[in-house]
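In: just coords:
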């Protein structure tokens, strides 16, 4: 079943230009207030911002050629390099970063072009 799904997804390739991993390599996604408006609950804002940090950091690490496993210090450095306002990620955010990077590594349709 999974192989069939992978074959169905294979034609759609995501091409990510390779760049050195440094501060400011990509524009950061909008914050919870910007994306969801002012009616967002605290729980929704926390979940959104955690996913926002995880996705951006996972993509940046993938572009730079980093693979799992990564230490907590490596993840902290990556978040710092991207200039997120709260630069010390929580254990849940680190787990989300690892999950995002793991998805990118496992998906055969995601490539880095040079």
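Out: That came through fine. Being a predicted model, the structure only gives us computed values, none of them experimental.

In: for this protein, name the helix or strand with the lowest mean pLDDT.
Out: When each helix and strand of the chain is scored by mean pLDDT, DSSP states H and E, strand 14-17 comes last, with a mean of 34.

In: show me what counts as buried in the next helix or strand after it.
Out: Toward the C-terminus, strand 14-17 is succeeded by helix 32-36 as the next helix or strand (DSSP states H and E). For helix 32-36, a neighbour-count test (16 or more other CB atoms under 10 Å) marks residue 32 as buried. (C-beta placed from N, C-alpha, C; glycine too.)

In: what does the next helix or strand after helix 32-36 contact?
Out: Under the assignment DSSP H and E, the closest C-terminal helix or strand after helix 32-36 is helix 42-63. For helix 42-63, contacts defined as CB atoms under 8 Å, 6 or more residues apart in numbering pick out 16-19, 21, 25-26, 28-33, 35-36, 40, 70, 75, 78-79, 81-82, 84, 89-90, 92-93, 96-97, 99-101, 103-105, 110, 112.

In: got a PyMOL select line for the buried ones in those residues?
Out: Command for PyMOL, covering only those of the contacts of helix 42-63 found buried under the criterion 16+ other CB under 10 Å:
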select buried, resi 21+25+32+40+70+75+78+79+81+82+84+89+93+96+97+100+101+104
